[in-house]
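Q: Model the following, please.
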Amino acid sequence: QVQLVESGGGLVQAGGSLRISCAASGRTFSGYAMGWFRQSPGKEREFVAAISWSAGGGIYADSVKGRFTISRVNAKETVYLQMNSLKPEDTAVYYCAASLGLATMNLARYDVWGQGTQVTVSS
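A: Predicted coordinates:
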């Protein structure tokens, strides 16, 4: 199956921007919807954004709508999450995940996960 590796996390000041990436390898990337989730200490993993194989518009959690943009370049087997107007509450480990089928907010529908990349937003 496909393997996923996230990169691009780091420390950024509130109001700043960051773009994180998720590179796929192994079995074909074709047909997978991709999602971004995040988890901060003491909290459950939560949905952030997702995009179907055919791209088009993504779906977003209300907390990030208008600030974050998910995109993908299938030829590069890479998915991106552009994060603008970052807030301290966006601090978390961000995970990308793959699901065969349409983009969904349902964590249980994703069966391949990356190891995560830390994003820290200072106030």
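
Q: The helix or strand encompassing Ala23 pairs with which strands, parallel or anti?
A: Per DSSP states H and E: Ala23 is located in strand 18-26. Strands that pair with strand 18-26, judged by DSSP bridges, come out as strand 2-7 (antiparallel), strand 78-83 (antiparallel).

Q: could you check the angle strand 78-83 makes with the least confident helix or strand in the chain by mean pLDDT?
A: Ranking every helix and strand in the chain by mean pLDDT, DSSP states H and E puts strand 55-60 at the bottom, with a mean of 85. With axes from the mean of the first three to the mean of the last three C-alpha atoms, to 10 degrees as the criterion, the two stretches strand 55-60 and strand 78-83 enclose an angle of 50 degrees.

Q: mean confidence for stretch 27-44?
A: Per-region confidence: stretch 27-44 scores 91 on mean pLDDT.

Q: Now find how far off-centre it is within its chain.
A: For stretch 27-44, the distance from its own C-alpha centre to the chain's C-alpha centre is 6 Å (C-alpha atoms, centre = their mean, to the nearest Å).

Q: can you check stretch 4-22 too?
A: Distance, stretch centre to chain centre, for stretch 4-22: 10 Å (C-alpha atoms, centre = their mean).

Q: CA atoms only: put that stretch into CSV for me.
A: Only the C-alpha atoms of stretch 4-22 are listed here, as CSV (Å, rounded to 0.1, in the frame of the first residue of the first chain):
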residue,chain,number,x,y,z
LEU,A,4,3.0,8.8,3.5
VAL,A,5,5.7,11.1,4.8
GLU,A,6,4.9,14.6,6.1
SER,A,7,7.3,17.5,6.1
GLY,A,8,7.4,21.3,6.5
GLY,A,9,6.3,21.7,10.1
GLY,A,10,8.0,24.1,12.4
LEU,A,11,7.6,27.1,14.7
VAL,A,12,5.7,30.2,13.4
GLN,A,13,4.3,33.3,15.1
ALA,A,14,0.6,33.9,15.3
GLY,A,15,-0.7,35.5,12.2
GLY,A,16,2.0,33.8,10.1
SER,A,17,1.8,31.2,7.4
LEU,A,18,3.2,27.7,6.9
ARG,A,19,2.9,25.1,4.2
ILE,A,20,3.2,21.5,5.1
SER,A,21,3.5,18.6,2.6
CYS,A,22,2.7,15.0,2.4
